[in-house]
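predicted model follows, preceded by the sequence.
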Amino acid sequence: MDNLFVLAHLCLSETELDKKLFLSEVTARLILSGSTKNISIDFDFQLNKPGHPDKPLLVLPRDLPKRNIQTTEGRAALIHSIAHIEFNAINLAWDLICRFQDMPAEFYTDWAQVALEETKHFRLLQKNLNDLNYAYGDFPAHNGLWDIADKTSHDLLLRLAVVPRIMEARGLDVTPGLIDRFRSIKDDATCSLLQLILEEEIGHVNIGTKWYRYQCDKLNEDSEEKFKKIAEQFLPSNTSTNINHEARLMAGFSQSELDYITSH
């Protein structure tokens, strides 16, 4: 099988965790090698929700219990929550590839690279959990990131504005604080892992910015003004605090966009 969209759909729909991670890695490397043909089949993409294992139990964000990071359980729960974000990010990358099928070949190699790195992040966090005698699925999680993806599934420009540039960009803001929290309990291993994730997530958001602007140009939209209009609807209420200006500039945000975010 050499069709990019079918392979991406297999990664997205797979529910068994180990198989999903393996498929994600193999498929991403196949796409990056240039071995797939992204126009050989018109693939009718229909999927109401991505594949995920039976655990973790998905609950509303407000129903997630508060835990103390000073305890092993609390530390594991925080690492688990980050791992769940990375799991969702794997699905989001594959969803972008198989849902939007009329883009340049570089679009697909870019998001395959993102999928490969998100899978790496998940595996590293999974090992971190295992070292604490916990596993992915041992704690409840919420599905907020995918809910946003579902609301933007009909519009590539909207998806690229909201998921990479609003939701995932928020990770650039909060990760330095997470590193400080783990440093306070002398968990140097997790600090190093989160620093790696932060550096690579800058690249992921930058890819989102690149293709967001491409789509704006294609549709004759002013990218900055369009982003501000979308942000009015989707920007979380706490985003204006603790903005990581340096990381966001590296991820392609303009100063005008940052000024807008910090003023709202």
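Good, I have the coordinates.

from here on, just use CA atoms for contacts and neighbour counts.
Noted.

can you give me the helices for the stretch 51-200 of the chain?
For the stretch 51-200 of the chain, applying DSSP state H, counting those that start in this stretch gives helices covering 72-99, 105-131, 144-151, 156-162, 169-184, 188-218.

which of those has the lowest average pLDDT?
Considering the helices of the stretch 51-200 of the chain one by one, the lowest average pLDDT is found for helix 144-151, at a mean of 82.

does anything pack onto that one? Which helices or strands?
The criterion is 3 or more Cα pairs under 8 Å, 6 or more residues apart in numbering; DSSP states H and E, and the helices and strands that helix 144-151 contacts are helix 72-99.

quick one: list the elements packing against the helix it packs on.
On a contact count with 3+ Cα pairs under 8 Å, 6+ apart, helix 72-99 meets helix 4-13, helix 105-131, helix 144-151.

hmm, try it at 6 Å
Under the contact definition 3 or more Cα pairs under 6 Å, 6 or more residues apart in numbering; DSSP states H and E, helix 72-99 sits against helix 4-13, helix 105-131.

so what angle separates the directions of it and helix 4-13?
With axes from the mean of the first three to the mean of the last three Cα atoms, to 10 degrees as the criterion, the two stretches helix 72-99 and helix 4-13 enclose an angle of 150 degrees.

taking their axis directions, helix 72-99 and helix 169-184 sit at what angle?
Per the same axes, to 10 degrees, the angle that helix 72-99 makes with helix 169-184 is 160 degrees.

residues of helix 72-99 that come out buried?
By neighbour count with 16 or more other Cα atoms under 10 Å, helix 72-99 contains the buried residues 73, 75-99.

check stretch 63-71 too.
Along stretch 63-71, these residues count as buried under the neighbour rule (16+ other Cα under 10 Å): residue 69.

let the chain start at 43 from now.
Renumbered: residue one is now 43, and that last one reads stretch 105-113.

tell me which of the helices and strands packed on helix 114-141 sits most buried.
Mean neighbours per residue, mean count of other Cα atoms under 10 Å, is largest over the helices and strands packed on helix 114-141 for helix 46-55, with a mean of 23.
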